[in-house]
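Student: okay, sequence plus prediction incoming.
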Amino acid sequence: MSEPRMNDKAVLSCRNLGKSYEEGPESVVVLHNLQLELYAGERVAIVGTSGSGKSTLLNLLGGLDTPTHGSVWLAGQELSALNERDRGLLRNRSLGFVYQFHHLLAEFTALENVCMPLLIGKAPIAEAKARASALLERVGLGHRLSHKPAELSGGERQRVAIARALVNRPGLVMLDEPTGNLDQHTAQGIQELMLELSQSLNTAFLVVTHDQALARQMDRTLTLDEGHLVPL
């Protein structure tokens, strides 16, 4: 019998999600039967100690890794039911990623970096540039379109990364320690920007963070503890 379909109204769902690794003759369980649903515009933080499996969970939810058991649904589609190409297309259309280190392409300008998801999705170049320019303007970088990452500050690079994650208008953005590499003042500005964009665009944000100040601004905070996801 096939597994019941997840809630169609959720932008992201997982049921009985588990991950384990083989270490010699033993199986090490990292995640135990996790349940999670996120809805449009909802902001959720996941906190936990180093090594608790937070990045592993984010990779599973984003379809970058395969669970040992359980299912993940993104925009109403079960990731494991899709081939690699279709999973990539769904991620590009429905999901944005922001990391602690921006992962911008060094040889391209801010505008070109933000255009990338649109161009991968076969958008016309003129449309991609117009949408990317408008979003960079919105995150306060309209005057930095032609600058390459090396010419930008850490906070500016992270703003470009956020614009890139949002340019395809995804239902969900996942952020892995988005302020972890920034000073306190810059981190506060990035936090305020994320909250404003989440509200105004009705985009769900799932944030893995050690930053308690950021976690407190989310709608919900969950703790990953010994492989279990529990409300804080």
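Tutor: Received the coordinates, thanks.
Student: can you pull out the strands in this protein?
Tutor: 10-23, 26-39, 43-47, 69-74, 77-78, 95-99, 172-176, 204-208, 220-225, 228-231 (DSSP state E).
Student: a markdown table for these, including mean neighbour count, distance to residue 193 and mean pLDDT?
Tutor: All C-beta spots, glycine's among them, are computed from the backbone N, C-alpha and C. Below are the strands of the chain laid out as a markdown table (neighbours: other C-beta atoms under 10 Å; distance: least, C-beta to C-beta, whole Å; pLDDT from 0 to 100):
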| stretch | mean neighbour count | distance to residue 193 | mean pLDDT |
| --- | --- | --- | --- |
| strand 10-23 | 18 | 20 | 89 |
| strand 26-39 | 16 | 20 | 88 |
| strand 43-47 | 22 | 13 | 92 |
| strand 69-74 | 20 | 24 | 91 |
| strand 77-78 | 16 | 29 | 90 |
| strand 95-99 | 22 | 11 | 87 |
| strand 172-176 | 24 | 12 | 91 |
| strand 204-208 | 25 | 11 | 92 |
| strand 220-225 | 18 | 20 | 91 |
| strand 228-231 | 13 | 26 | 86 |
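Student: can you tell which of those strands is closest to residue 162?
Tutor: Across the strands of the chain, residue 162 has its closest neighbour in strand 95-99 (5.6 Å, C-beta to C-beta).
Student: what separation do you get for residue 29 and residue 127?
Tutor: Using C-beta to C-beta, to the nearest Å, residue 29 is found at 46 Å from residue 127.
Student: tell me who's in contact with the spatially most central residue of the chain.
Tutor: The centre of the chain sits closest to residue 174, judged by C-alpha atoms, centre = their mean, with a distance of 1.4 Å. If you count contacts by C-beta atoms under 8 Å, 6 or more residues apart in numbering, residue 174 has them with 58, 61, 62, 95, 96, 97, 98, 206, 207, 208.
Student: I'd assumed residue 52 was in contact with the last one.
Tutor: When you say that, I think you mean residue 208. No. Counting by C-beta atoms under 8 Å, residue 208 stays clear of residue 52, with 10.1 Å between them.
Student: so in this structure, which helix runs the longest?
Tutor: When the chain is parsed with DSSP state H, its longest helix is helix 184-201.
Student: can you point out the buried residues in it?
Tutor: Neighbour counts over helix 184-201 (16 or more other C-beta atoms under 10 Å) mark 186, 187, 190, 191, 193, 194, 197, 198, 201 as buried.
Student: pLDDT score assigned to the last one?
Tutor: Right, the one you point to is residue 201. Residue-level confidence at residue 201 comes out at 85, pLDDT.
Student: tell me the pLDDT at the residue lying farthest from the centre of the chain?
Tutor: Distance from the C-alpha centroid of the chain, by C-alpha atoms, centre = their mean, peaks at residue 25 (34.4 Å). Per-residue pLDDT puts residue 25 at 81.
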